[in-house]
Each structure stands twice: as C-alpha cells, then as structure tokens.
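Trainee: A predicted structure for the sequence below; I have some questions about it.
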Amino acid sequence: MTNDTATMPVTASETAADDRELVIRDLHVVPAANPDIEILRGIDLEVRKGEVHAIMGRNGSGKTTLAYALMGHPAYVVTSGEVVWKGINVLDLSPDKRARLGLFLAFQYPTSVPGLSVASFLRTALNARRRGLDAGDGEVDPSDVTKGGIKMGEFRTLMRQKMNLLHLDDSFAGRYVNEGFSGGEKKRLEMLQMAMLEPEFAILDETDSGLDIDALRIVAEGVNAQLSPDLGVLLITHYQRLLNYITPDRVHVLAQGRIIASGGKDLALRLEDEGYAPILREAGLDPDVVEEEPELVEEQEG
C-alpha cells in the first residue's frame, strides 16, 4: 500500500544516503495475492549515480519482484524495509510520484497499446514526469502549455534528438505503442522512453529477454548512449551475454530472496562458466531447491 501524504524526508538517523545514492535496506516483499509466501527476504543494496549494478539469478529468484517492488507494482506488498532516494523513503510514494522523483523501470514484457501512437504516448509521459512531486490533478494539462504541457515544437525537436541518439527512423513515432513490434523494437521503445524522460535512476528488467544477438547489441548501444555520471542503473539479467555489451561496476547474485554474493564482472564470467550451483553452495544454500513463486511472478520472471 502507498501513502501519498507521507512524502517527508526520512530522518538523519534513518539514512546516511545522499541525493546521488539509492539505498535499499532489509527489503522484504510478498505477493499481494498470497502474502504467506515471502519472495524477497531481506535485500540490502546501495547504488550510486554513475554506477551500473547487475543483478543476476536463476528463474524464480525474485529479480523481477525486486524491480516491481521498487516502482510500487500493486501485485507486490513490502512488509518491511526501506528504499531511500533523495532522502525520501519512496515506498511511501505512489508509482507515478516515484517516476517524478527520477526513477524509471524498463519492462521485461512491454504492453501493446493499439490506437495510441508512440509520439502521443511519449508526450503524455514527459508531461507527467515534469509535474511537481506534490502537483494535484488538473494542474498539468498536456494539451495546454499554460498548464505545464510541453510545446509541440519543443517536443518534436526533443524527440528527434533522442531518436537520432538511438538510431531510430522518424516513422517509429507514428506507430502504435508496441503494436506489431518485434522483441527488439519493443526494447528499443523502452530505451526511447528512458531517453525522453531522462531519469536519474533506471531499473532495466531483463532487457536482453527474447533478443537475438543483433537486437541485443542494438539495445545495449541504446543503454550505453545514455550512461552518464548523473544516471544510476540497476540491470537485471539471467545471462552474462548482456554484460559483454554493458559493463557493470558491480555484479550481485540473487538467490532464494537474498543477495548471496557480490563482485566485479569476473563474478558474471564465473557464473557463465560454472553455473549458479557452486556459489549457492558457498552461501550455504542447496542448489537443488526449486525457487517457486506465485503464478503472476513466474510468468514475469521467465
């Protein structure tokens, strides 16, 4: 549950995080549909702007659950812990306010929206992103520049700049959102959204899912083109192959609801070479235990 009135910064005793760091402390998450099953069992993680952290894990380990919990998906309930960003525990905010505060989630399975053009979708999203954190309904009207809506000329210029950055044809803007898109095109649209919204912290949920090598390389180039000292990235993936194109500063292994190992890119290479079993054993976990999650999460953790 969210409480949009609870937007006061956490006290100094609760966090030492600064405005350039996302801090996750002792995060526990259950599915709303089955609260007796704990998926995340105490996640601790710190990611600063300018850093790329990769989360790796087997199917069902809780990777997508972590991504969705960070953005406030209603199918997941945080039972304890905190996520501090810019001095605010974002767990007290609705998903749209988290986005306005600079957080962004690229979906593993983007949704198609027939009848809505990419350009219209991006303009509406950009206007929503630019609203003040405590702006009320009606204070921003996307069609009215006097109420905060971006001017059409300014929007078109910005969109062309971002599409050029990602090597997208102008015709892409006139297509309906993800309607008839290939897997690679869907992920490139996620990258275009990221470029337009200019988040300060991006969560990329299995961006490599369903992509062939050529599409993977193109999408990775889109991510790399946006990396900067003012952007933190949490990159969620099954496989090391994505990290051949996007170099992480840190790699973390998620298993049975906890981060059990952390290291550099060499950790990802070890996983590719040895699999997860040796690292699970080193953490005192049984590698033969099947990590099961509710049906909703299983579909998204693929």
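Mentor: Arrived safely, thanks for sending. Residues are numbered from 1 along each chain as shown.

Trainee: any regions of the stretch 201-302 of the chain where pLDDT drops low?
Mentor: Low-confidence segments of the stretch 201-302 of the chain (pLDDT under 70): 290, 292-302.

Trainee: quick one: the strands in it?
Mentor: Under the criterion DSSP state E, counting those that start in this stretch, the stretch 201-302 of the chain carries strands at the ranges 201-205, 232-237, 250-255, 258-263.

Trainee: for these, give me a markdown table that also has mean neighbour count and distance to Glu38.
Mentor: No exception for glycine: its C-beta is placed from N, CA and C like everyone else's. Listed next are the strands of the stretch 201-302 of the chain as a markdown table, based on neighbours: other Cβ atoms under 10 Å; distance: least, Cβ to Cβ, whole Å:
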| stretch | mean neighbour count | distance to Glu38 |
| --- | --- | --- |
| strand 201-205 | 25 | 20 |
| strand 232-237 | 24 | 19 |
| strand 250-255 | 22 | 14 |
| strand 258-263 | 17 | 11 |
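
Trainee: nearest to Gly57, of those?
Mentor: strand 250-255 (3.8 Å; Cβ to Cβ).

Trainee: and the closest one, what other elements does it pack with?
Mentor: Judged by 3 or more Cβ pairs under 8 Å, 6 or more residues apart in numbering; DSSP states H and E, strand 250-255 is in contact with strand 52-56, strand 258-263, helix 265-274, helix 277-282.

Trainee: most tightly packed of the ones you listed?
Mentor: Mean neighbour count, computed with mean count of other Cβ atoms under 10 Å, is highest for strand 52-56 among those, reaching a mean of 24.

Trainee: return the distance of that one from the chain's centre.
Mentor: 11 Å (Cα atoms, centre = their mean, to the nearest Å).

Trainee: the helix or strand just after it versus strand 250-255: what angle between them?
Mentor: Proceeding N to C from strand 52-56, the next assigned helix or strand is helix 63-71, under DSSP states H and E. Counting by axes from the mean of the first three to the mean of the last three Cα atoms, to 10 degrees, helix 63-71 lies at 110 degrees to strand 250-255.

Trainee: contacts for helix 63-71 next, please.
Mentor: 24, 27, 29, 39-40, 43, 55-57, 75-76, 78, 83, 90, 95, 98-99, 103, 105, 108, 203, 205-206, 234, 236, 254, 293, 297, 300-301 (Cβ atoms under 8 Å, 6 or more residues apart in numbering).

Trainee: pull out the buried members of the residues you listed.
Mentor: Among those, those scoring as buried are 24, 27, 29, 39-40, 43, 55-57, 76, 78, 83, 90, 95, 98-99, 103, 105, 108, 203, 205-206, 234, 236, 254, 293, 297, 300-301 (criterion: 16 or more other Cβ atoms under 10 Å).

Trainee: need the strands of the stretch 201-302 of the chain in TSV (columns: distance to Arg160).
Mentor: Shown next, in TSV, are the strands of the stretch 201-302 of the chain (distance: least, Cβ to Cβ, whole Å):
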stretch	distance to Arg160
strand 201-205	22
strand 232-237	25
strand 250-255	35
strand 258-263	41
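
Trainee: quick one: closest of these to Gly183.
Mentor: In terms of Cβ to Cβ, the element of these nearest to Gly183 is strand 201-205, at 14.1 Å.

Trainee: off-centre distance for the closest one?
Mentor: Distance of strand 201-205 from the chain centroid (Cα atoms, centre = their mean) equals 3 Å.

Trainee: that one pairs with which strands, parallel or anti?
Mentor: Using DSSP bridges, strand 201-205 pairs in its sheet with strand 103-106 (parallel), strand 232-237 (parallel).

Trainee: only the C-alpha atoms, please, for it, written as CSV.
Mentor: Provided in CSV are the C-alpha atoms of strand 201-205 (Å, rounded to 0.1, in the frame of the first residue of the first chain):
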residue,chain,number,x,y,z
PHE,A,201,17.9,6.0,-11.7
ALA,A,202,16.9,3.3,-14.2
ILE,A,203,15.9,-0.2,-13.4
LEU,A,204,16.2,-2.4,-16.5
ASP,A,205,14.3,-5.6,-16.1
